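Colleague: what follows is a protein structure lacking sequence information:
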Ligand SMILES: [Zn+2]
Ligand SMILES: [Zn+2]
């Protein structure tokens with residue numbers, strides 16, 4: 001892809017932080033469910049222009065483990081952070097007829113290149129006694145992202 005600012009072939013960077021919007025969606029007897037959206041962008045290394053993006057629907061269910069220490073039915077997000085991830089499918093697994101699973105390396109040019117997101121969230125109830133943490137991660141093939149240039 002060409003960088004719009006300098007018109008050179010651009011090395012792609014996943015260094016920028018995702019945009020994250022999270023809200024407490026539902027409080028049930030067993031868990032609190034946080035939902036929202038995370039947007040990642042791939043930028044040009046030379047000028048920082050946005051080249052492509054992907055949006056992830058985030059859903060994190062956090063269980064009350066054991067006894068609940070209080071019975072607040074209202075929770076708020078107290079901290080949330082997200083990072084952009086990048087990885088490759090370096091191996092593939094196949095199951096043979098006799099049931100054994102075989103792992104074989106994939107040649108670099110055939111490896112699927114992924115970008116993704118990792119989210120961490122902490123929520124707290126109104127009285128402050130119950131605090132829960134949850135994580136979410138997802139990824140998308142780089143070739144399936146929406147191009148912005
Ligand atoms: Zn550039
Ligand atoms: Zn409480």
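Modeller: It's in. This structure is a prediction, so every number in the text was calculated from the model and none was measured. Ligands and ions are numbered 1, 2, ... in the order given.
Colleague: from residue 39, how far out is the spatially most central residue of the chain?
Modeller: Here the mean C-alpha position of the chain is nearest to the C-alpha of residue 117 (C-alpha atoms, centre = their mean), at a distance of 2.4 Å. Taking C-beta to C-beta, to the nearest Å as the measure, residue 117 falls 9 Å from residue 39. Any C-beta I mention is one placed from the backbone N, CA and C, and that applies to glycine too.
Colleague: re earlier: check the gap between the residue nearest to the centre of the chain and residue 127 for me.
Modeller: 32 Å.
Colleague: who touches both of residue 117 and residue 39?
Modeller: Contact with both residue 117 and residue 39 is made by residues 18, 56, according to C-beta atoms under 8 Å, 6 or more residues apart in numbering.
Colleague: ok, back up a step: spatially nearest residue to the residue nearest to the centre of the chain, not counting backbone neighbours?
Modeller: Excluding the flanking residues, the one nearest residue 117 by C-beta to C-beta, 6 or more residues apart in numbering is residue 38, at 4.7 Å.
Colleague: now the one you found, what's its secondary structure?
Modeller: strand (DSSP: H, G, I helix; E, B strand; the rest coil).
Colleague: who are the neighbours in contact with it?
Modeller: Contacts of residue 38 (C-beta under 8 Å, 6+ apart): 18, 19, 20, 21, 55, 56, 58, 82, 117, 119, 136.
Colleague: that one pairs with what?
Modeller: Beta-bridge pairing of residue 38 under DSSP bridges involves residue 20, residue 56.
Colleague: repeat for residue 125
Modeller: residue 75.
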